[in-house]
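**Student:** pasting the sequence and the predicted coordinates here, then a few questions.
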Amino acid sequence: MSNVIIPEGYEPILGLKETQRAIKKIKDYFQQELAYGLQLRRVSAPLFVFPETGFNDTLNGVERRVDFTIKDMNERQVEIVQSLAKWKRMALYKYDVEPGHGIYTDMNAIRRDEELDNLHSIYVDQWDWEKVITKEQRTEEYLEETVVTIYHALKNLGDYVNRLYRDIQIELPNEITFIDSQDLEDRYPDKNPKEREDLITKEYGAVFIKRIGGVLASGEKHDGRAPDYDDWELNGDILVWNDVLDRAFEISSMGIRVDAESMKRQLKIDGKEDRLEQPFHQGVITGKYPLSIGGGIGQSRLCMFFLQKAHIGEVQASVWPEDMIEECAEHNIFLL
């Protein structure tokens with residue numbers, strides 16, 4: 001049986017057709033809020049890239065990427081993107097974006113090794129955004145300021161959805177709480193990272209867990225991060241409490257990106273120094289690509305949360321195991 005949570009007595013608030021209308025309203029509203037708050041412009045983005053460029057996201061370093069060859073390019077290999085974390089930094093250079101401004105895009109990806117459950121699909125859709133910053137802005141304070149801006153956009157979206165649908169009442173706390181991943185481990189030393197996330201998010205309602213990717217005092221990581229996009233000292237995740245699933249719910253992973261020094265250090269820690277010769281990494285080392293902050297915000301996840309759905313498959317068309325489809329249908333969870 002697939003790993004799926006079945007909320008007791010679940011009934012979808014919106015039917016199939018109204019859900020589809022609501023998805024468009026949510027996406028249209030939020031991307032305007034995000035673009036205005038962070039000073040972003042929309043750009044087109046690729047579905048696949050050449051692997052030798054180093055632009056694809058390696059995620060935790062173990063996920064298999066989907067690839068194929070192109071007939072009219074002498075069977076040259078390309079990979080479906082897993083995210084645009086590194087590609088966006090090149091795009092900032094290409095579009096000659098000034099500090100204080102940035103880009104966002106509709107990112108579509110395939111992650112073939114995802115473990116399918118209420119929150120995870122092999123199809124990923126998110127707003128990927130990236131903003132040029134100065135050397136002086138590579139600080140924890142600037143990271144937190146940016147998180148607050150995004151959180152205010154989420155709060156505004158919640159108010160908008162509440163006005164649209166009287167049966168949906170999203171209540172997010174007025175402020176987001178910041179906590180360091182090491183402080184979180186110290187607070188709950190006998191819990192694993194996901195259990196810690198549940199406990200802290202249930203207590204505060206909305207949290208940003210800082211510093212993800214490096215090893216904690218226990219010798220374990222809070223979570224994995226590729227060594228060549230986020231600076232592990234200046235990144236984190238936005239989580240909110242999901243009443244439907246009774247668990248923490250990740251909305252966004254984001255951070256200030258590596259400069260030449262932090263990238264070299266993190267690649268050495270992960271034993272990935274061979275990547276330094278790839279075009280992306282050379283662009284960071286030489287200063288060709290600008291310093292930046294960026295992240296991803298799940299589109300289907302956002303719709304799932306604000307429409308109070310129990311499964312991401314209620315707002316996203318994908319493929320699911322037959323036993324999951326059947327079990328969900330028995331409990332009024334109808335997967336697209």
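**Tutor:** Looks like it arrived, so ask away.

**Student:** for the longest strand belonging to the chain, packing partners?
**Tutor:** Ranked by residue count, the top strand of the chain under DSSP state E comes out as strand 230-242. When contacts are defined as 3 or more C-beta pairs under 8 Å, 6 or more residues apart in numbering; DSSP states H and E, strand 230-242 sits against helix 140-164, helix 193-204, strand 206-210, strand 247-257, helix 260-270. For glycine as for every other residue, the C-beta is placed from the backbone atoms N, C-alpha and C.

**Student:** to Val66, which of the ones you listed lies closest?
**Tutor:** Closest approach to Val66 among those (C-beta to C-beta): strand 247-257, 20.8 Å.

**Student:** where does Leu119 fall, helix, sheet strand or coil?
**Tutor:** Leu119 falls in the coil class when you classify it by DSSP: H, G, I helix; E, B strand; the rest coil.

**Student:** and it, how many neighbours?
**Tutor:** As a burial measure, Leu119 scores 20 neighbours (other C-beta atoms under 10 Å).

**Student:** if I look at it, how far off is Ile297?
**Tutor:** 14 Å (C-beta to C-beta, to the nearest Å).

**Student:** ditto for Glu141
**Tutor:** Taken as C-beta to C-beta, the span from Glu141 to Ile297 is 22 Å.

**Student:** using JSON lines, lay out the helices and strands packed on strand 230-242 together with distance to Asn108 and mean neighbour count.
**Tutor:** Shown next, in JSON lines, are the helices and strands packed on strand 230-242 (distance: least, C-beta to C-beta, whole Å; neighbours: other C-beta atoms under 10 Å):
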{"stretch": "helix 140-164", "distance to Asn108": "21", "mean neighbour count": "17"}
{"stretch": "helix 193-204", "distance to Asn108": "26", "mean neighbour count": "17"}
{"stretch": "strand 206-210", "distance to Asn108": "26", "mean neighbour count": "23"}
{"stretch": "strand 247-257", "distance to Asn108": "17", "mean neighbour count": "22"}
{"stretch": "helix 260-270", "distance to Asn108": "27", "mean neighbour count": "17"}
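
**Student:** looking at these, which is nearest to Arg89?
**Tutor:** strand 247-257 (6.3 Å).

**Student:** run the chain-centre distance for stretch 273-281.
**Tutor:** Mean-position distance between stretch 273-281 and its chain equals 24 Å (C-alpha atoms, centre = their mean, to the nearest Å).

**Student:** so where is the stretch 51-200 of the chain shaky, pLDDT-wise?
**Tutor:** 60-61 (pLDDT under 70).

**Student:** go again using 90 as the cut-off
**Tutor:** Filtered on pLDDT under 90, the stretch 51-200 of the chain yields the residue ranges 51, 53-66, 81-83, 85-86, 110-115.
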